[in-house]
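Visitor: Following is a predicted model, sequence given first.
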Number of protein chains: 2
Amino acid sequence: MSRTKNIDLTRLARHRDEPRRLARALQRLDGVQIAGQLDNLPPEDQDRILQMLPAERRAAVFGELREETAAEIVRRLAPEEVAVLLDDLESDDVADILGRVEESQLRQILKRLDPEDADEVEELLAYEDDTAGGIMSLDFIRVFDNVTVAEAVRVIQEFDDPPDQAFYVYVVDDDERLVGVVSLRRLLTSRRDDPIREVMNSELLLVDREADQEDVVEIATRYDLVAVPVIDAQRRIVGVVTIDDIVDVIREEATEDILKMAGAGAELFETRSFWSSFRARMPWLGAAAVGGVLVAWALSGFENALQTVPVLALFMPVIAGMGGNVGTQSSTIVVRGLAVGYVESSRISRLILREMGLGMLLGTIYGVLIAVAAPFIGADVGDPIALGAVLTLGMIGSMTIAATVGTSIPLLMHRLKIDPAVSTGPFVTTAVDILGLMFYFWLATVLLGVEM
Amino acid sequence: MSRTKNIDLTRLARHRDEPRRLARALQRLDGVQIAGQLDNLPPEDQDRILQMLPAERRAAVFGELREETAAEIVRRLAPEEVAVLLDDLESDDVADILGRVEESQLRQILKRLDPEDADEVEELLAYEDDTAGGIMSLDFIRVFDNVTVAEAVRVIQEFDDPPDQAFYVYVVDDDERLVGVVSLRRLLTSRRDDPIREVMNSELLLVDREADQEDVVEIATRYDLVAVPVIDAQRRIVGVVTIDDIVDVIREEATEDILKMAGAGAELFETRSFWSSFRARMPWLGAAAVGGVLVAWALSGFENALQTVPVLALFMPVIAGMGGNVGTQSSTIVVRGLAVGYVESSRISRLILREMGLGMLLGTIYGVLIAVAAPFIGADVGDPIALGAVLTLGMIGSMTIAATVGTSIPLLMHRLKIDPAVSTGPFVTTAVDILGLMFYFWLATVLLGVEM
């Protein structure tokens, strides 16, 4: 691993006049390593490097690419070439890639695949992306419940291309309903003439085809399973979600939460091109811009106070900013807590009270700090005690409001079945700006005796 | 699953006068389900429910708790009671839990464990938490390289308590150095008298004890492995990192990134108590408060402009806020991209240029929008064209600066080997506030002809 890890294809690909060095480097890397680097190369280098590989290696490397990268490459190739690359892949991986290409190109490619494979891919494409059906694999080992251990082993031996991730054998009855599961370890340690019925585990954890992928992740991780069987309405096993796909879902959903909270899209892939990044970021910023106009409008009543005590304006960024910060902390804790099951709905009032208390305490500390620093910033502060009181109380107000709003909005969204990650940001910022700053200016009119 | 899923222990635990209903509910749930609910109950309910369970079930439920919850319960119990609860757990799980309790209590507990188990736990506790050694399990199946398939199978059969996650057998030479690996599937499908040497895979993927846990995750996920062997300096196998621990690391690291970006700590568990949440959030907010004073100081030169055109202050929140938003988007994309290997270091200049362009375009769109809305907010805007120009150009400046700074700071942190997630936030906000607002006020002095 470590010896060859540092070969940098990017640099080699740049020196187009020295193809031999690149070819030698490719020989020293394995398929996963080449794919890992291709994922981050510009399209022209991806195509060039793939072309340099012998046909068989090319397909192997292609199979290890990120599905978004693979889909982009597919879009640039003729259907015949695509069919060759896809030939050795498992049908669920093919479906993930082809799910990202245009319908017309998809049809062209399916026509050129092995008919049986094409049927499987079409079956998988019919499921929603984020369901058990959408992430399951069709390769699994199934035996009837009247066989012996030795017969089950023979079924495994007869698989000419056993699935990569086969750790269990699924047992079905005469009606093909799933009735049990046996681990390969159990098969190895059982007597050859034991009936499979006696060694199988019939307390099955399984999911329906339509189950949300997050539920599949929940079951697999809670019970430490490396595969979860998927059944249809007749309890027939139709596929298996394997741990590698579960890991992908966990990663994707974490990325999605992080990006959504900042309004930066849902997939890192979107951020790669200028225009898709632009489209992903527009709506969130638009909501924030409308919020900003509302803030200006809400504050317009305090123009006179601003004119009389312009130093008030200098501290607007810190009053609003500290509120925004603590509000973001609160909503981040709630959004991530909801995502990983860490926020229990019965304890919501306790959570809100705790955040409110934290906002108040933190506001007091930093309000005093700002009030003490204020006379030294080189502006006309007037009565430093009165301004200090406005700043301290203003900070307490802003941070308390922010912590409360930052906690409540995502909880409310969650209750309304709106994704809290996507919608919290602009609401919290706007609410904090308006409420926090209005309170700050109101304090100024009262404590500094200026008219509104 | 679904039938019993909705039994809510929280509600039942509240009715302390009806223990029978709670007892019945506990009978209908499995250990994982009970543990999943206990994780989110207040301490008194956790203790009460654990006490109600028969001793054997109590230990089973305890073994399924989140390690932070288990550690909290351990802190409340006598060492003798803890030793009973820990008896059946695998040593790596025990080490994870005991790594969270006080040294003095740890000693008391270790004395009461089975001496062999205690040694294993101590061995594991000696590794850093975030290394392969810190997350590996000591339960794995090992055979010498001179055995046959049948003999290897016998070794598995003789394990009186085979590890939950055993999917591979590791092959070592006479010096106990790791030389190969065989999957259980391969064992099942090989002839019984085949030498293990001939069926094993000697192209091993392995990691050193000191390897960073993120590298272990990278290898496991890139190569779709369900276990990664860990070796010492002599290439002897000392443990195995299994996929369930890899999944935990992936989740923890995603949570850590999300929380750190908001300066809200590193673990959700920290957010549970008022004071640990307070401590986790203080430093980040402190940095932001200092930044806020700097902003006030930097803007103090524009007091006269503020007094002459107080409407400028009303738009400070939107100018700074939109900059902050786009800056957060940019840094989120970079921080998450770096975490999942999506940002290639050779393409950094391209990335910065793209973000800069996006900031400029988005600034133009929202700058015009704000400028058009400005005359309607009910304040004295003076010359709406001139003010509109200040707002539009100010927004372009603020958003372009923000996108550039938001992209560059985490990349710079990464290059300096500082965790970009932890340190980006306050720097970006402060820099954007200072640079964006100073540019905005400078525009005002030039375009509105006011003196500084």
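Guide: Alright, I've got the coordinates. For clarity, every value in this text was computed on a predicted model and none was experimentally measured.
Visitor: How about the secondary structure of A:Asp224?
Guide: Classification of A:Asp224 using DSSP: H, G, I helix; E, B strand; the rest coil returns coil.
Visitor: surely it meets B:Asp244?
Guide: Yes. Counting by CB atoms under 8 Å, A:Asp224 touches B:Asp244, with 4.4 Å between them. All C-beta atoms are positioned from the backbone trio N, CA, C, and that covers glycine.
Visitor: Comparing the two, which shows the higher neighbour count?
Guide: Neighbours of A:Asp224 and B:Asp244, each counted by other CB atoms under 10 Å in any protein chain shown, are more numerous for B:Asp244; the result is 19 against 16.
Visitor: Quick one: neighbours of the residue in the stretch 151-300 of chain A positioned nearest to chain B, just the number.
Guide: Scanning the stretch 151-300 of chain A for proximity to chain B using CB to the nearest CB identifies A:Gly292 as nearest, at 2.7 Å. Neighbours of A:Gly292 under the rule other CB under 10 Å: 30.
Visitor: Can you tell me the element it falls in?
Guide: With elements taken from DSSP states H and E, the one containing A:Gly292 is helix A:274-299.
Visitor: That helix packs against which elements?
Guide: helix A:420-447, helix B:311-314, helix B:316-339, helix B:348-373 (3 or more CB pairs under 8 Å, 6 or more residues apart in numbering or on different chains; DSSP states H and E).
Visitor: Mind doing that once more with 6 Å?
Guide: With contacts defined as 3 or more CB pairs under 6 Å, 6 or more residues apart in numbering or on different chains; DSSP states H and E, helix A:274-299 has these neighbours: helix A:420-447, helix B:316-339, helix B:348-373.
Visitor: Distance from the next helix or strand after the last one to the middle of the chain?
Guide: Remark: after helix B:348-373, the chain's next helix or strand is helix B:384-415, criterion DSSP H and E. Relative to the centre of its chain, helix B:384-415 is centred 30 Å away, using CA atoms, centre = their mean, to the nearest Å.
Visitor: now the angle between helix B:348-373 and helix B:384-415, please.
Guide: Counting by axes from the mean of the first three to the mean of the last three CA atoms, to 10 degrees, helix B:384-415 points 150 degrees away from the direction of helix B:348-373.
Visitor: what's the average pLDDT for helix B:384-415?
Guide: Mean per-residue pLDDT for helix B:384-415: 93.
Visitor: got the buried residues for that helix?
Guide: Across helix B:384-415, burial judged by 16 or more other CB atoms under 10 Å in any protein chain shown covers B:387-411, B:413-414.
Visitor: how about it, does it get close to chain A?
Guide: No. Between helix B:384-415 and chain A, judged by CB under 6 Å from any CB of the partner chain, nothing touches; the nearest distance is 8.5 Å.
Visitor: circling back: roughly how far is the next helix or strand after the helix holding A:Gly292 from the heart of the chain?
Guide: Tracing the chain C-terminally past helix A:274-299 and defining elements by DSSP H and E, one meets helix A:303-308 next. In terms of CA atoms, centre = their mean, the centre of helix A:303-308 is set 47 Å apart from its chain centre.
Visitor: Can you point out the buried residues in helix A:303-308?
Guide: By neighbour count, with 16+ other CB under 10 Å as the criterion, the buried positions of helix A:303-308 are A:Glu303, A:Ala305, A:Leu306, A:Gln307, A:Thr308.
Visitor: Check those one by one and keep those near chain B.
Guide: Intersecting the buried residues of helix A:303-308 with the surroundings of chain B, defined as CB under 6 Å from any CB, gives A:Glu303, A:Leu306, A:Gln307.
Visitor: Now render those as TSV, adding distance to A:Asp194 and pLDDT.
Guide: Compiled in TSV, those are given as follows (distance: CB to CB, whole Å; pLDDT from 0 to 100):
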residue	distance to A:Asp194	pLDDT
A:Glu303	87	87
A:Leu306	85	87
A:Gln307	91	86
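Visitor: From A:Arg154, how far out is the closest residue to A:Asp193 other than its chain neighbours?
Guide: Nearest residue to A:Asp193 in three dimensions, chain neighbours excluded: A:Thr148, at 5.4 Å (CB to CB, 6 or more residues apart in numbering or on different chains). Between A:Thr148 and A:Arg154 the computed distance is 9 Å (CB to CB, to the nearest Å).
Visitor: who's more crowded, these two?
Guide: Neighbours around A:Thr148 and A:Arg154, counted as other CB under 10 Å, are more numerous at A:Thr148. The numbers are 19 against 13.
Visitor: who does the more buried one bridge with?
Guide: Taking DSSP bridges, one obtains A:Pro195 as the residues bridged to A:Thr148.
Visitor: right, and it touches A:Arg197 too?
Guide: No. In terms of CB atoms under 6 Å, A:Thr148 does not count as a neighbour of A:Arg197; the distance is 9.6 Å.
Visitor: So which residue is dead centre in chain A?
Guide: Nearest to the mean C-alpha position of chain A, by CA atoms, centre = their mean, lies A:Glu253 at 2.5 Å.
Visitor: That one in helix, strand or coil?
Guide: Look at A:Glu253: counting by three-state DSSP, its state is helix.
Visitor: Tell me the buried residues in the helix holding A:Gly292?
Guide: Applying 16+ other CB under 10 Å to helix A:274-299 flags A:277-278, A:280-281, A:284-299 as buried.
Visitor: re earlier: could the helices and strands packed on helix A:274-299 be laid out in TSV, adding mean neighbour count?
Guide: As requested, the helices and strands packed on helix A:274-299 are exported to TSV (neighbours: other CB atoms under 10 Å in any protein chain shown):
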stretch	mean neighbour count
helix A:420-447	23
helix B:316-339	28
helix B:348-373	20
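Visitor: low pLDDT regions in chain A?
Guide: For chain A, residues meeting the criterion pLDDT under 70 lie at A:1-6, A:14, A:16-17, A:160-165, A:344-346, A:423, A:452.
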